[in-house]
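Asker: sequence and computational prediction follow.
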Amino acid sequence: MFIDHIRIYAQAGDGGDGVVSWRREKYIPKGGPDGGDGGAGGDVVLVVDPSTDNLRQYHYDPKLIAEHGRNGAGNRRTGKSGKGVIGRVPPGTVVYKANAETVQEAVEQERSEEGIDLVPVADLTENGQEFVLCEGGEPGKGNWHFKSPTNRAPQEHTLGTPGEMGVYYLELRRIADAGLVGFPNAGKSTLLGKLSHASPKVASYPFTTLQPVVGVVEFPGFRRCTVADIPGLIEGAHDNRGLGHEFLRHITRCRMLLFVVDMAGSEGRDPVSDLQVLRTEVKEYDEELARFPWKVVANKMDLEGAEENLKAFKQRFPKVDVVAISADSGEGLDDLKQMLDNEVAYRPKQ
């Protein structure tokens, strides 16, 4: 099961209370105040874990609840701090806070006509990155803190403060250097399998890929780049037709978009129309995304009619960079790899 967005409830621990206590020992009948402080409440922390590739664990238990701090005790003994809780998330997780303090309130808002307001609070992209989602409550002070020359028997003490809590939405946006964008059956999965060691599902029917798959392309000199196979789009994806938004959000992290077009026009498709529709869908979803660097990968060049279609395509889009390939036969893959190496490959520091 692949989960890339989910609602969770998080609650940090409350701080423990400070106490009123008096030192009472043999031969010291009036030893003065010795009430201890409470313990701090535990934090709720999100940590980016590269070994985690989706948010499935929160599907089964959508709660992150830390322990409360213990109350203080006599003899200036501080209460035990509450144990924090760590939630592991994959790189590329965006965290939103809902304008609700309980799960039930969030559900009711989501079912209403107005829906639920979400405020972005964190964008977690780096391996090992930590974000305190909810801070634990501050501990209360015992009465010994309030002792003074004029107040030798203080009854004052403070209570621990409540820990933060809230309803949050976690949304995974895949991180890759280049994203393969195209209609179903354009050959994106086959292409990714040939470029990298990824093993996406490949078949001759639409929507074989139902979740983004990221592969690593290796180059000489320890250079590399990551390429994401984004599930096939359909016309109207920007309006969330089909699984439009589920797919489109995963390309917002890419440094370059590669529009994979079936240049042979198999299944009655028109390469020129396909590119126009794909570009429109991306722009309608996010105008900033439409300004990303992009190129066209003309796939299926080994099939009949592809050469003629490519000539017409270049006449229609003379300024568009086109890399002609056949993912199935391997034709043109070296040129595509060279382009990726030049454009987006990571180069280790010398």
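Answerer: Happy to help now that I have it.

Asker: so where's the stretch 151-300 of the chain shaky on pLDDT?
Answerer: 198-211, 232-248 (pLDDT under 70).

Asker: residue 171 - that's part of a strand, no?
Answerer: Yes. Assessed by DSSP: H, G, I helix; E, B strand; the rest coil, residue 171 belongs to a strand.

Asker: residues touching it, list them.
Answerer: If a contact means Cβ atoms under 8 Å, 6 or more residues apart in numbering, then residue 171 has 4, 5, 93, 94, 95, 96, 249 as its contacts. For glycine as for every other residue, the C-beta is placed from the backbone atoms N, C-alpha and C.

Asker: tell me which stretches of this protein form strands.
Answerer: Here the chain has its strands, by DSSP state E, at 5-11, 44-48, 63-65, 85-89, 93-98, 118-124, 130-134, 165-172, 178-181, 213-219, 223-229, 256-262, 294-299, 322-324.

Asker: might one say that residue 197 is in contact with residue 215?
Answerer: Yes. With contacts counted by Cβ atoms under 8 Å, residue 197 reaches residue 215, the gap being 6.6 Å.

Asker: the more surrounded of these two?
Answerer: Each of residue 197 and residue 215 has its neighbours counted (other Cβ atoms under 10 Å); residue 215 has more, 21 against 10.

Asker: separation between the more buried one and residue 180?
Answerer: Going from residue 215 to residue 180 by Cβ to Cβ, to the nearest Å gives 10 Å.

Asker: kindly report the same for residue 10.
Answerer: Separation of residue 10 from residue 180 (Cβ to Cβ): 35 Å.

Asker: more neighbours: which of those two?
Answerer: Per other Cβ under 10 Å, whichever of residue 10 and residue 180 has more neighbours is residue 180, with 30 against 25.

Asker: now that one: closest residue in space, sequence neighbours ignored.
Answerer: Once flanking residues are discounted, residue 180 sits nearest to residue 188: 4.3 Å by Cβ to Cβ, 6 or more residues apart in numbering.

Asker: now residue 152
Answerer: That would be residue 32: by Cβ to Cβ, 6+ apart, it lies 6.7 Å from residue 152.

Asker: in the stretch 101-250 of the chain, what residue spans correspond to helices?
Answerer: Counting by DSSP state H, counting those that start in this stretch, the stretch 101-250 of the chain has helices at residues 103-111, 188-195, 244-248.

Asker: what pLDDT does the residue nearest the centre of the chain get?
Answerer: The C-alpha lying nearest the average C-alpha coordinate of the chain belongs to residue 93 (Cα atoms, centre = their mean; 1.4 Å). pLDDT for residue 93: 93.

Asker: gap between it and residue 3?
Answerer: Remark: distance between residue 93 and residue 3 (Cβ to Cβ) = 12 Å.

Asker: who touches both of those two?
Answerer: Listed as contacting both residue 93 and residue 3 by Cβ under 8 Å, 6+ apart are residue 55.

Asker: wait, residue 324 sits on residue 309?
Answerer: No. Assessed by Cβ under 8 Å, residue 324 is found out of contact with residue 309, at 10.6 Å.

Asker: can you check which residues contact both of these two?
Answerer: Here residue 324 and residue 309 have residue 263 as joint contacts, going by Cβ under 8 Å, 6+ apart.

Asker: show me which residues of stretch 72-87 are buried.
Answerer: Using 16 or more other Cβ atoms under 10 Å as the test for burial, stretch 72-87 gives 72-74, 76-82, 84-85, 87.

Asker: how about stretch 16-28?
Answerer: Those would be 16, 17, 18, 19, 20, 21, 23, for stretch 16-28 by 16+ other Cβ under 10 Å.
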